[in-house]
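> Okay, predicted coordinates and the sequence, questions at the end:
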Amino acid sequence: MLLEGAPVAKRIYSEIKDQMIRFEAKKPKLVLYCSHPDDSTQSYMRSIVKRGEKLDIPVEVIEATEKPFEQIMQLNEDPAVSGIMIMHPLKGIDEDIVIKSISPLKDVEGRGPTNLGGIVMGEGYYAPPTAEAVIEILKFYNIAIRGKDITILGRSTTVGKPLSLLFLKKGIDGTVTVCHSRTHGIQEKSRAADILVSAVGKTGFVREDWVKEGAVVIDVGINLVDGKIVGDVDFENVKEKTIAITPVPGGVGTVTTAILFRHLVESFKRILDGGI
Ligand SMILES: NC(=O)C1=CN([C@@H]2O[C@H](COP(=O)(O)OP(=O)(O)OC[C@H]3O[C@@H](n4cnc5c(N)ncnc54)[C@H](OP(=O)(O)O)[C@@H]3O)[C@@H](O)[C@H]2O)C=CC1
Ligand SMILES: Nc1nc(=O)c2c([nH]1)NC[C@@H]1CN(c3ccc(C(=O)N[C@@H](CCC(=O)O)C(=O)O)cc3)C=[N+]21
């Protein structure tokens, strides 16, 4: 089975549109905060702006000045702003400090300590959209997670590490192994998985002999080869061994942006309900 992201994203966008109708004239706004964005960041920002246009949700791009802290404080206090995305990399500015200064309510990418820490505790926090997208795809296609052996390749703060915690949550109930560049026996650990997730950022990283017969493979990687997007998984060979696999493009990435907008609408609702 091909685990396409489009139907998953479509359902999320339709839920967002339903909620927007209930808000009537009021609208959430997303701010993309950037400093000298590189090509990949610019293209991602363009795709978010476009999606905002389709959903009739304003997306504003704000460039960093020499006083980033004051800018963020202003955005935190502005009731018209529902979500803030700190575009990575933030050139010439300490990105960590800026991330820590966003209000947790508006941290729709779940990058700050409150939201990241919140995943350890449970509900009510924003998980990084990419990590959440992986779980969303598995649930959409009714792939059982409970009690399964899951191997995650990659331990970044935006994907691998938070995803391991989402899989561990009570009610999701996966058993997780997280691998990284210092892991011994990564091939065996991959082969042991019922569900294998690759978030490494290397083309052809996951080969056929790394995958158990009948496994589910989720490819988070986005790598540019000759101007084309490819994942981490040697798709053509690996797919024969799997019962389900995500394509790249058209898989996890498609759902990631939808989750981002879902968080934005949630933040908008919370701010409406409770004030900032
Ligand atoms: N689909 C989507 O929406 C998104 C896709 N991505 C893509 O996912 C991929 C991962 O992104 P991100 O997590 O930010 O990347 P990072 O570069 O932050 O992390 C990569 C991880 O892979 C590990 N790794 C690198 N080389 C090896 C190796 N040879 N063996 C084992 N582990 C290795 C690193 O280990 P160590 O920690 O030891 O260095 C690290 O934990 C990228 O291709 C990125 O473009 C990212 C975000 C969103
Ligand atoms: N705060 C922050 N969050 C990010 O998530 C972030 C960032 N900064 N800075 C830049 C990088 C780059 N990035 C990409 C996302 C999608 C595609 C991409 O190509 N997406 C395909 C879909 C890919 C697929 O379907 O799998 C598309 O939009 O058509 C590329 C690059 C996010 N980034």
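All right, it came through fine. Please read all numbers here as calculations on a predicted model, not as lab measurements. Residues are numbered from 1 along each chain as shown. Ligands and ions are numbered 1, 2, ... in the order given.
> contacting residues for Asp234?
Gly204, Val206, Arg207, Glu208 (CB atoms under 8 Å, 6 or more residues apart in numbering). To be clear about C-beta, it is placed using only N, CA and C from the backbone, and glycine gets the same treatment.
> so the last one touches Thr242, yeah?
No. Under the criterion of CB atoms under 8 Å, Glu208 makes no contact with Thr242, lying 10.0 Å away.
> more neighbours, the two?
Neighbour comparison, Glu208 and Thr242: the larger count goes to Thr242, with 22 against 14 (by other CB atoms under 10 Å).
> List only buried entries from the contacts of Asp234.
Taking 16 or more other CB atoms under 10 Å as the criterion, what is buried in the contacts of Asp234 is Gly204, Val206.
> Give me the nearest residue to Gly147, chain neighbours excluded.
Distance criterion CB to CB, 6 or more residues apart in numbering; nearest residue to Gly147, sequence neighbours excluded, is Asp173 at 6.2 Å.
> Hmm, the one you found is touching Ile145, no?
Yes. Look at Asp173 against Ile145 with CB under 8 Å: they come within range, at 6.7 Å.
> Who has more neighbours out of the two?
Using other CB under 10 Å as the criterion, Asp173 and Ile145 rank with Ile145 on top: 20 against 13.
> what's the helix or strand for that one?
Counting by DSSP states H and E, no helix or strand carries Ile145.
> For it, which non-adjacent residue is closest in space?
In space, Ile145 is closest to Gly174, 4.9 Å off (CB to CB, 6+ apart).
> dump the residue contacts of the one you found.
Neighbours of Gly174 in contact, by CB under 8 Å, 6+ apart: Ile145, Arg146, Gly147, Lys148, Asp149, Ile150, Phe167, Leu168, Ile195.
> Who wins on neighbours among those?
Ile150 (25 neighbours).
> Which helix or strand contains that residue?
Ile150 belongs to strand 149-153 when assigned by DSSP H and E.
> Can you lay out the contacts of Asp234 as JSON lines showing secondary structure?
Listed next are the contacts of Asp234 as JSON lines, based on DSSP: H, G, I helix; E, B strand; the rest coil:
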{"residue": "Gly204", "secondary structure": "coil"}
{"residue": "Val206", "secondary structure": "strand"}
{"residue": "Arg207", "secondary structure": "coil"}
{"residue": "Glu208", "secondary structure": "helix"}
